[in-house]
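In: Let me see the structure of the following:
(one chain, ligands or ions: 1)
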Amino acid sequence: MMTRLLALLCCLGLSTAALRAEDGYRLWLRYDLIQDADLRTAYQQQLGQLHVGTNVDTTREMMAVSLRELRNGLRGLLGIHLAPAAGAPGKGSGLALRRLAAGEIGPEGYRLRQQGNRLELAASDDRGFLYGTFHLLRMLQMGESLRGLDVEEVPAKDIRILNHWDNLDGTVERGYAGFSIFNWHTLPDVLDPRYTDYARACASVGINGSVVTNVNANALIFRDDYLEKAAALADVFRPYGVKIYLTARFSAPMELGGLSTADPLDPEVKEWWAAKAKAIYSRIPDFGGFVVKANSEGQPGPREYGRSHAQGANLLADALAPYGGIVMWRAFVYNSDPEADRAAQAYEEFVPLDGQFRDNVVVQVKNGPIDFQPREPFSPLFGATPETPLLLELQITKEYLGQGTHLVGLAPLFAEVLQADTHQGGAGTTVASTVTGLAGVSNVGTARNWTGHPFGQADWYAFGRLAWEPALDPTAIYDEWAALTYGADEAVRKTISRMLVDSWEICVNYMTPLGLHHLMATGHHYGPGPWVDELSRPEWNPAYYHRADSAGIGFDRTLTGSNAVAQYAPAVREKFADPRTCPPEYLLWFHHLPWDWRMDNGKTLWEELCLRYQAGVEGTEWLAAEWASLEGQVDAERHREVSQYLTIQQREAEWWKNACLAYFQTHSRRPFPEGVEAPPHDVEHYQSLDYPYAPGIRPR
Ligand code: GCV
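Out: The predicted structure is shown next:
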């Protein structure tokens, strides 16, 4: 029976490995035997022996990790045991490791080059060997030729860091993949193998830091027993080149230290932080530093004492400076002033502080001016603080993009902001070129496959790859991920990468097309709630953002409105400020326009809005059809799982479209254009839907 099945599979051109059920735990590091025997033989000949240069110390922790990865990888992919080269040194083919002099290649960089009959992996530091090892293994998994190989890679950015919004009680704010992978209760004694697997996955895509606690911070993390727990994690991460960082609650000196103030200029407060830094570094000598959310959404901060964000940040920076630590101070601040435009507030607060921060402070700025909306123009802060290094904060977890159930690839969103031209200091000054690093809000949890939706892994992967090299093309990144995760078959990987690349625009269309933003329901941010207008703070209400009325729709951020557009450099400002030159994807972000406004394609604004919602729904049908076409070509377990999620996504895309169009029609009073299916219910029906237990509700 078994033999007949195998024969049948061979007839169909399918390998048994390709169809083995998988649960997704191995991520993109599967190392299954390469099925093409010729390719395997070629690789075996090229890599079968290991030549370790005399100046390479393989006893060092990180080098040992690299070698273990290499051995495991080659055992799995090629079925070989990587043997140290026999015979005279310097002779024979194989893989050669060579340490370069300091500075011969940049920090963390590596070179993979064919030298005669050898493939040489060379680096100036241990991290370079680690990243070079993963590069090589990636090439083998993708079936790429090593002949004539000559690549040199150095990361474009020093800070490539994940931010976990994980709480000490194990919950994850805006986490949709189970609980936190960090079990603070059983640390430091229990070292879950997941900690190692997590660090390894991060290293494989070049992520070199992890903030393991939520920015809505808990001072308890600084208590001695919790520092021991953090130190245990740091010990596990270290060999993988992942530094640990913690979030600092500004009021910790009061809550934990019993002081009567957290005023950044108070000498006792300074002493408290200095002593705390000393206590941390005595346990974690390579501790990375703090991330701070201050005076934002109820978090304490320096403003309570009449001090600026710079004074607050400098307090912590001074405490960390003796040990080389940094402070990542978040610019995500806004207040409830009904007259203020929330989109303008971070710029107003931080640009005047340029030049006032210590050298070891970086200001962490979300990609857009509001808050990880499905699509936002880039934040005007990028490039606007020449004296202050900035970090770009991206959200990998999909708080506003269908959370854990919709297939939405975020690499195109990441790339759009990275490549946006700020024109600050001249044309060609992309966001990527203005930042010193990238921080990504993690989507990882205790779900067996790490991210809940199987395709969520793709954006953990994409974030790491783009943090390493912001110029990478999203299609190429997803092509890699698909090959590593689902096998190197070209048709399969091309279909998957196309689905991922196109899915973002599809989601934007069924949620917030044409620059609309913040239309989601209260609390969970999952479904639509454009009608919400009764929340206590004006800027928490969707109606504040879309401003739909009988005349039209959109937020006027030009001279006739909030004039937030003036925060951009002149070339950008001019383009965004004129509705004729403003890219349609940001149109209603910057303009309040009449329903009958004529778009460039001849449609009215109302018609275009409706057609985009409809296109979003049709896009989910296309996603489902594409995935269905892969049945039998990826393992049944993962195929079924993704199909089930796509069913939810199709239904919810309809929900978004119907709820939003039913509501906006109460203002536009216009008929639905041809090609758009009218919502089956009136707006009251959509308003009555209640999802009290939608995941990701912020713990109160
Ligand atoms: C960590 C949004 C989210 C909050 C998050 C906040 C932030 O408002 O809804 O859950 O809090 O951003 O980035 O600080």
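In: Identify the spatial nearest neighbour of Glu120, chain neighbours not counted.
Out: Spatial nearest neighbour of Glu120, chain neighbours left out: Ala96 (4.7 Å); criterion: Cβ to Cβ, 6 or more residues apart in numbering. No exception for glycine: its C-beta is placed from N, CA and C like everyone else's.
In: How about the contacts made by the one you found?
Out: Counting by Cβ atoms under 8 Å, 6 or more residues apart in numbering, Ala96 makes contact with Leu50, His51, Val52, Gly53, Gln115, Arg118, Leu119, Glu120, Leu121.
In: one more time with 6 Å
Out: Neighbouring residues of Ala96 by Cβ atoms under 6 Å, 6 or more residues apart in numbering: His51, Arg118, Glu120.
In: Distance from the chain centre to the host helix or strand of it, please.
Out: Using DSSP states H and E, Ala96 sits in strand 94-99. In terms of Cα atoms, centre = their mean, to the nearest Å, the centre of strand 94-99 is found 33 Å from the chain centre.
In: Sheet partners, orientation included, of that strand?
Out: Strand 94-99 has the following strand partners under DSSP bridges: strand 49-52 (parallel), strand 118-123 (parallel).
In: quick one, which of the ones you listed is nearest to the ligand?
Out: The closest approach between the ligand and any of these, judged by Cβ to the nearest ligand atom, belongs to strand 118-123 at 35.9 Å.
In: For that closest one, give me every contacting residue.
Out: Applying Cβ under 6 Å, 6+ apart, the set of residues contacting strand 118-123 is 46, 93, 95-98, 100, 110-113, 129, 132, 146.
In: which helices and strands sit right next to the next helix or strand after that strand?
Out: Helices and strands here follow DSSP H and E; after strand 118-123, the next one along the chain is helix 126-141. Using 3 or more Cβ pairs under 6 Å, 6 or more residues apart in numbering; DSSP states H and E as the contact definition, the elements that helix 126-141 packs against are helix 61-78, strand 110-115, strand 118-123.
In: any chance of these in CSV, plus distance to the ligand?
Out: Below are the helices and strands packed on helix 126-141 laid out as CSV (distance: least, Cβ to the nearest ligand atom, whole Å):
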stretch, distance to the ligand
helix 61-78, 32
strand 110-115, 34
strand 118-123, 36
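In: Tell me which of those is the most buried.
Out: Ranked by average neighbour count under the criterion mean count of other Cβ atoms under 10 Å, the helices and strands packed on helix 126-141 are headed by strand 118-123 at a mean of 22.
In: which parts of this protein sit against the ligand?
Out: Residues of the chain found near the ligand, taking Cβ under 6 Å from any ligand atom as the criterion, are Trp165, Glu173, Arg174, Val215, Asn216, Lys293, Glu297, Phe332, Asp371, Glu399, Arg698.
In: Return a PyMOL selection command for the buried portion of those residues.
Out: One line in PyMOL is enough to select the buried members of the residues of the chain next to the ligand, burial here meaning 16 or more other Cβ atoms under 10 Å:
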select buried, resi 165+173+174+215+216+293+332+371+399
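In: ok, of the residues of the chain next to the ligand, which one's closest to Leu78?
Out: Here the nearest of these to Leu78, counting by Cβ to Cβ, is Trp165; it sits at 40.0 Å.
In: so the closest one makes contact with Asn216?
Out: No - counting by Cβ atoms under 6 Å, Asn216 is not a contact partner of Trp165; they are 7.4 Å apart.
In: number of nearby residues for the residue lying closest to Tyr195 once chain neighbours are set aside?
Out: Once its chain neighbours are removed from consideration, Tyr195 has its nearest residue in Val236; the separation is 4.5 Å (Cβ to Cβ, 6+ apart). Counted with other Cβ atoms under 10 Å, the neighbours of Val236 add up to 20.
In: Next SSE downstream of the helix ranked longest in the chain?
Out: Longest among the helix segments of the chain by residue count, using DSSP state H, is helix 636-668. Toward the C-terminal end, the helix or strand that comes next after helix 636-668 (DSSP H and E) is helix 683-688.
In: Could you check how far Asp266 is from Gly402?
Out: Distance, Asp266 to Gly402, by Cβ to Cβ, to the nearest Å: 46 Å.
In: Those two: which is more packed in?
Out: The residue with more neighbours, out of Asp266 and Gly402 and counting by other Cβ under 10 Å, is Gly402; that gives 25 against 16.
In: For the more buried one, give me phi and psi.
Out: The phi and psi torsions at Gly402 (degrees, to the nearest 10) take the values phi 90, psi 0.
In: give the contact list for it.
Out: Applying Cβ under 6 Å, 6+ apart, one finds that Gly402 lies in contact with Val408.
In: The one 3 residues further on now?
Out: Residues touching Thr405, when contacts are defined by Cβ under 6 Å, 6+ apart, comprise Tyr645, Ile648.
In: what do you get for Ile370?
Out: Ile370 is in contact with Ala343, Glu376, counting by Cβ under 6 Å, 6+ apart.
In: tell me the SS of it?
Out: When states are read from DSSP: H, G, I helix; E, B strand; the rest coil, the local structure at Ile370 comes out as coil.
In: got a list of what the closest residue to Trp589 other than its chain neighbours touches?
Out: Excluding the flanking residues, the one nearest Trp589 by Cβ to Cβ, 6+ apart is Gly515, at 3.6 Å. Counting by Cβ under 6 Å, 6+ apart, Gly515 makes contact with Tyr586, Leu587, Leu588, Trp589.
In: in terms of contact, does Tyr461 touch Asp479 like I think?
Out: No - with contacts counted by Cβ under 6 Å, Tyr461 stays clear of Asp479, the gap being 11.3 Å.
In: who has more neighbours, those two?
Out: Using other Cβ under 10 Å as the criterion, Tyr461 and Asp479 rank with Tyr461 on top: 24 against 20.
In: Pick out the residue nearest the middle of this structure.
Out: Ile396 (3.2 Å; Cα atoms, centre = their mean).
In: do you know how far it is from the ligand?
Out: For Ile396, the distance to the ligand equals 13 Å [Cβ to the nearest ligand atom, to the nearest Å].
In: Looks like that residue contacts Gly440 (just checking).
Out: Yes - using Cβ under 6 Å, Ile396 is in contact with Gly440, at 4.6 Å.
In: shared neighbours, these two?
Out: A shared contact of Ile396 and Gly440, defined by Cβ under 6 Å, 6+ apart, is any residue touching both; here these are Phe463.
In: Any idea which residue of the stretch 401-550 of the chain lies closest to the ligand?
Out: Shortest the stretch 401-550 of the chain-to-the ligand distance, computed as Cβ to the nearest ligand atom: residue-wise this is His525, at 6.3 Å.
In: how many neighbours does that residue have?
Out: The burial count assigned to His525 is 21, neighbours taken as other Cβ under 10 Å.
In: dump the residue contacts of it.
Out: When contacts are counted by Cβ under 6 Å, 6+ apart, His525 touches Glu399, Tyr400.
In: does it sit in a helix, a strand or a coil?
Out: Counting by three-state DSSP, the backbone at His525 sits in coil.
In: For Phe576, see how far away it is.
Out: 26 Å.
In: Throw the helices and strands packed on helix 126-141 into TSV and include mean pLDDT, thanks.
Out: Output for the helices and strands packed on helix 126-141, formatted as TSV (pLDDT from 0 to 100):
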stretch	mean pLDDT
helix 61-78	97
strand 110-115	96
strand 118-123	96
